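Enquirer: sequence below, structure please.
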Amino acid sequence: MLSTLSMQDLKNFKHELTRFMMTYKFALDEMETRIEILVQEFEMLHEYNPIEHTKSRLKSPESIIQKLYRKGGDLSFDGIRGNVKDIAGLRITCSFVSDIYVLSDMLKNQSDLHLLSEKDYIKHPKPNGYQSLHLLIEVPVHMSDRTERVCMEVQIRTVAMDFWASLEHKIFYKFKEGNQAVPQRLLQELKQAADVAAKLDEQMERLHREIDEIQAEQSDEAADSLNRIIINNQQFALPKALMSALMNNDGDEDKS
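Expert: Below is the predicted model:
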């Protein structure tokens with residue numbers, strides 16, 4: 001079919017494909033910027049970073065077409081948009097399970113992001129033990145001549161969940177390359193490893209809570225931290241006159 005296309009047709013197709021793929025790349029850039037802003041806000045307000053690292057990926061056109069065929073969609077840009085929802089993907093690795101839901105809520109609270117679907121494989125793990133929170137989100141991408149709402153997948157998981165998923169993928173890929181079925185014994189051991197990872201997350205979450213409680217009890221340090229703010233790694237002492245004025249205003253409001 002390509003041989004019947006004119007040179008101009010090929011140029012037009014290349015132009016449209018480039019614009020199509022660019023929107024997903026820009027959606028990833030947009031989401032990564034939002035995550036960075038949220039992290040900085042969280043660090044400045046709570047002196048804590050809930051994210052260990054992020055990783056983004058963009059499916060290749062060949063991979064997109066293969067998935068489209070598996071789903072039985074029309075071979076068109078509209079067909080791709082309607083059937084392949086994970087062209088752009090962002091994986092966010094958090095320190096603790098509680099951080100996953102805090103970050104998820106932060107994203108859901110952004111009014112211009114549209115949550116299409118949510119799959120919680122943490123509360124409801126897959127049979128093989130896989131755990132992660134999957135969100136399908138529409139992201140506004142502002143182009144030179146229009147605004148596109150681009151669907152992308154966001155996966156949020158802990159370090160332990162990510163470690164297990166990465167190794168599980170590598171093991172399965174080796175068997176897939178050799179067109180072999182994974183032995184049942186390995187499947188059982190992988191499930192046991194997933195259970196161990198889940199227990200590790202539970203233990204680390206408990207230790208995290210206990211440390212927070214211990215720090216909260218150290219009132220002297222807590223009081224000292226309230227007298228300063230940190231912006232971009234710079235410490236600023238709170239002006240006493242401003243603190244006094246604010247406290248007086250609060251007192252006046254209480255009286256009224």
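
Enquirer: give me the phi and psi for residue 149.
Expert: phi -100, psi 110 (degrees, to the nearest 10).

Enquirer: who's in contact with it?
Expert: 114, 138-141 (C-beta atoms under 8 Å, 6 or more residues apart in numbering). All C-beta atoms are positioned from the backbone trio N, CA, C, and that covers glycine.

Enquirer: okay, strands next: where are they in the stretch 51-200 of the chain?
Expert: Ranges of strands in the stretch 51-200 of the chain, per DSSP state E, counting those that start in this stretch, are 51-58, 88-94, 114-120, 133-142, 147-158.

Enquirer: just the CA atoms of stretch 69-79, as CSV, please.
Expert: Written as CSV, here are the backbone C-alpha positions of stretch 69-79 (Å, rounded to 0.1, in the frame of the first residue of the first chain):
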residue,chain,number,x,y,z
TYR,A,69,-4.5,-5.2,16.3
ARG,A,70,-4.9,-7.3,19.5
LYS,A,71,-7.8,-5.1,20.6
GLY,A,72,-9.4,-5.1,17.1
GLY,A,73,-9.5,-1.3,16.7
ASP,A,74,-9.6,0.6,13.5
LEU,A,75,-6.3,1.5,12.0
SER,A,76,-6.6,5.3,12.4
PHE,A,77,-5.5,7.9,14.8
ASP,A,78,-9.0,8.0,16.3
GLY,A,79,-8.9,4.2,16.6
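
Enquirer: please identify the buried residues of that stretch?
Expert: residue 73 (16 or more other C-beta atoms under 10 Å).

Enquirer: contacts for that stretch next, please.
Expert: 16, 20, 65, 68, 80, 82-84.

Enquirer: just put these in a markdown table and tack on distance to residue 35.
Expert: Shown next, in a markdown table, are those (distance: C-beta to C-beta, whole Å):
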| residue | distance to residue 35 |
| --- | --- |
| 16 | 30 |
| 20 | 24 |
| 65 | 29 |
| 68 | 29 |
| 80 | 26 |
| 82 | 27 |
| 83 | 27 |
| 84 | 23 |
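
Enquirer: by pLDDT, give me the weakest of those.
Expert: Across the contacts of stretch 69-79, the bottom pLDDT score, 88, is held by residue 16.

Enquirer: would you map out the domains in this protein?
Expert: Taking automatic domain parsing as the domain assignment, the ranges for the chain are 2-158, 226-255.

Enquirer: nearest to residue 181, of these?
Expert: Each of the domains of the chain has some distance to residue 181 by C-beta to C-beta; the shortest is domain 2-158, at 13.9 Å.

Enquirer: skipping its backbone neighbours, what lies nearest residue 27 in space?
Expert: Once flanking residues are discounted, residue 27 sits nearest to residue 150: 3.9 Å by C-beta to C-beta, 6 or more residues apart in numbering.

Enquirer: burial measure for residue 194, as a count.
Expert: Residues contacting residue 194 under the criterion other C-beta atoms under 10 Å number 21.

Enquirer: what's the answer for residue 160, then?
Expert: 20.

Enquirer: ok, the closest residue in space to it that isn't next to it in sequence - contacts?
Expert: Leaving aside its sequence neighbours, residue 160 sits nearest to residue 197 (C-beta to C-beta, 6+ apart; 4.1 Å). The contact partners of residue 197, by C-beta under 8 Å, 6+ apart, come to 129, 131, 160-161, 163-164.

Enquirer: how about TSV for those, with distance to residue 55 added?
Expert: Putting the contacts of residue 197 into TSV (distance: C-beta to C-beta, whole Å) gives the following:
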residue	distance to residue 55
129	21
131	17
160	16
161	13
163	13
164	16
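
Enquirer: nothing else from me, thank you.
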